[in-house]
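[1] any chance you can model this:
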Amino acid sequence: MQYFENHIKNAYGKIIDITESDFPDAFHKIDSILDDIRKSIRGIDSRVFSKRNDLLFAIRLVECFRIYNWIKVCLSCGSYQSIFRELRFMLDGVAQAYYIDLNHIDASLVSKLEVYKALGEMGGFIGRSLFDRIKGFQDKKKLNTLYKELSRFVHPSVEESRMWIE
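    The predicted structure is shown next:
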């Protein structure tokens, strides 16, 4: 373990120092987001909570905790592109899970995974086309804007790529 810690310190020490200096509240903000997710989970209706083992959405929420911890590592090491990809992945994953759970509420988890597989093979089960399919969601415009911004970093333009190359 000492070798690993020394390697990280040698390779990323300056970047970690800059990150801590430029974004002193970053980790606190991420932890606040995780606390908000925990509070939301505690506030879920008991009838829904009792079905948590059959909800793709619940699985994605648990996954969000792992991803947010990974985002802290990426942030520390200056791997911002990775952060944008992870955030976009979370938006897609949570939206997909919500869509399937909403439209197949009484289905088993195994059945929902089959639906997930089938929808994924059809295409168009990500981003704006997915968000537009979710009934009753109020903030689609805001979500689409956020997704578009994240996508710019995941699929950079020629100009953005040139900046990295130069």
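[2] where's Met163 relative to Ile41, distance?
    Distance of Met163 to Ile41, computed by CB to CB, to the nearest Å: 40 Å. C-betas here are computed from N, CA, C, even on glycine.
[3] which of these two has more neighbours?
    Neighbour tally, Met163 and Ile41, criterion other CB atoms under 10 Å: the higher count belongs to Ile41, 13 against 10.
[4] check the offset of the stretch of helix or strand the more buried one belongs to from the chain's centre.
    Ile41 belongs to helix 26-42 when assigned by DSSP states H and E. Helix 26-42 has its C-alpha centroid displaced from the chain centroid by 13 Å (CA atoms, centre = their mean, to the nearest Å).
[5] mind giving me the packing neighbours of it?
    Under the contact definition 3 or more CB pairs under 8 Å, 6 or more residues apart in numbering; DSSP states H and E, helix 26-42 sits against helix 56-76.
[6] what average pLDDT does the helix it packs on get?
    Helix 56-76 shows an average pLDDT of 91 in the prediction.
[7] buried stuff in it?
    56-61, 64, 67-68, 71, 74-76 (16 or more other CB atoms under 10 Å).
[8] pick the one among those residues closest to Lys135.
    Nearest to Lys135 among those, counting by CB to CB, is Phe57 at 14.9 Å.
[9] tell me where this protein is predicted with low confidence.
    For the chain, the stretches with pLDDT under 70 are 160, 164.
[10] in it, where's the longest helix?
    The single longest helix within the chain, with elements called by DSSP state H, is helix 80-103.
[11] and the next helix or strand after it, what does it pack onto?
    Next helix or strand after helix 80-103 toward the C-terminus (DSSP H and E): helix 109-122. Helices and strands touching helix 109-122, by 3+ CB pairs under 8 Å, 6+ apart, are helix 56-76, helix 80-103.
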